[in-house]
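S.K.: I would like the atomic coordinates for the input below:
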Amino acid sequence: MEQKITEKRQRISTLGQIGLQQFAPYLMNRIMGRYNATLRDDFRKQGLTIPQVRTLAVLSVTDGVTVNDLSVYTVIEQSTLSRTLDTLEGQGFVRREQGVTDSRIRHVFLTDEGRAEFTRAWPAMHDAFEAMFDDIDDAEYAALIATLLKMLKNIRKHDI
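M.R.: So this is what the prediction gives:
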């Protein structure tokens, strides 16, 4: 353990030495920023925001999740998620239900209207995804996903 810490200290460089094009967090932020910017205009035409669509997307595959877990899955702070859920509930796209064993816990469910709204948003998301991975073969994609999952495991604060 001590040797690993010493090795990490010896590897520490300045950002100038690493360079922005070799600094993975910078590149990941740029990629996601561009992805979101590409989608923002399409979603605006639907009257939706990025956090709203991200919430609908997560619920389309993990319906009935708790608000706390939804915050983790969507990477949206709880205060922002609460406002997002208020709006989506007002539009009839989601419903929140009190926990059966603990009334403090709220589960969030996608309504039929919410599923239909996400279905309308999905083609733009898929097109942006396809464009992002143009000219990247299956092996490269699989390697990227494996690396990202390892990175997530390294920094994870939640079990999900």
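S.K.: CA only for contacts and neighbour counts going forward, please
M.R.: Noted.
S.K.: max-length helix in this structure?
M.R.: The helix spanning the most residues in the chain, taking DSSP state H as the definition, is helix 24-46.
S.K.: that one - contacts with which helices or strands?
M.R.: helix 50-61, helix 112-132 (3 or more C-alpha pairs under 8 Å, 6 or more residues apart in numbering; DSSP states H and E).
S.K.: just the angle for the shortest one relative to helix 112-132, thanks.
M.R.: Read that as helix 50-61. Counting by axes from the mean of the first three to the mean of the last three C-alpha atoms, to 10 degrees, helix 50-61 lies at 100 degrees to helix 112-132.
S.K.: nearest to I18, out of the helices and strands packed on helix 24-46?
M.R.: Set against I18 and scored by C-alpha to C-alpha, the helices and strands packed on helix 24-46 come closest in helix 112-132, at 24.4 Å.
S.K.: list the buried ones in that closest one?
M.R.: For helix 112-132, burial by neighbour count (16 or more other C-alpha atoms under 10 Å) applies to 114-115, 117-118, 121, 124-125, 128.
S.K.: what strand or helix carries R96?
M.R.: strand 94-98 (DSSP states H and E).
S.K.: report the angle between the helix or strand just after that strand and helix 112-132.
M.R.: Downstream of strand 94-98, the first helix or strand assigned by DSSP H and E is strand 106-110. Here strand 106-110 runs at an angle of 80 degrees relative to helix 112-132 (the same axes, to 10 degrees).
S.K.: and strand 106-110, which strands flank it?
M.R.: strand 65-66 (antiparallel), strand 94-98 (antiparallel) (DSSP bridges).
S.K.: now mean neighbour count and distance to T84 too, for the ones you listed, in CSV please.
M.R.: Formatted as CSV, those follow (neighbours: other C-alpha atoms under 10 Å; distance: least, C-alpha to C-alpha, whole Å):
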stretch, mean neighbour count, distance to T84
strand 65-66, 18, 15
strand 94-98, 17, 10
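S.K.: of all these, which one is nearest Q46?
M.R.: That would be, of the strands paired with strand 106-110 and by C-alpha to C-alpha, strand 94-98, which comes in at 16.3 Å.
S.K.: what about the closest one, average pLDDT?
M.R.: Summarised as a single mean, pLDDT over strand 94-98 is 95.
S.K.: who touches that strand?
M.R.: Applying C-alpha atoms under 8 Å, 6 or more residues apart in numbering, the external contacts of strand 94-98 come out as 85, 88-89, 104-111, 114.
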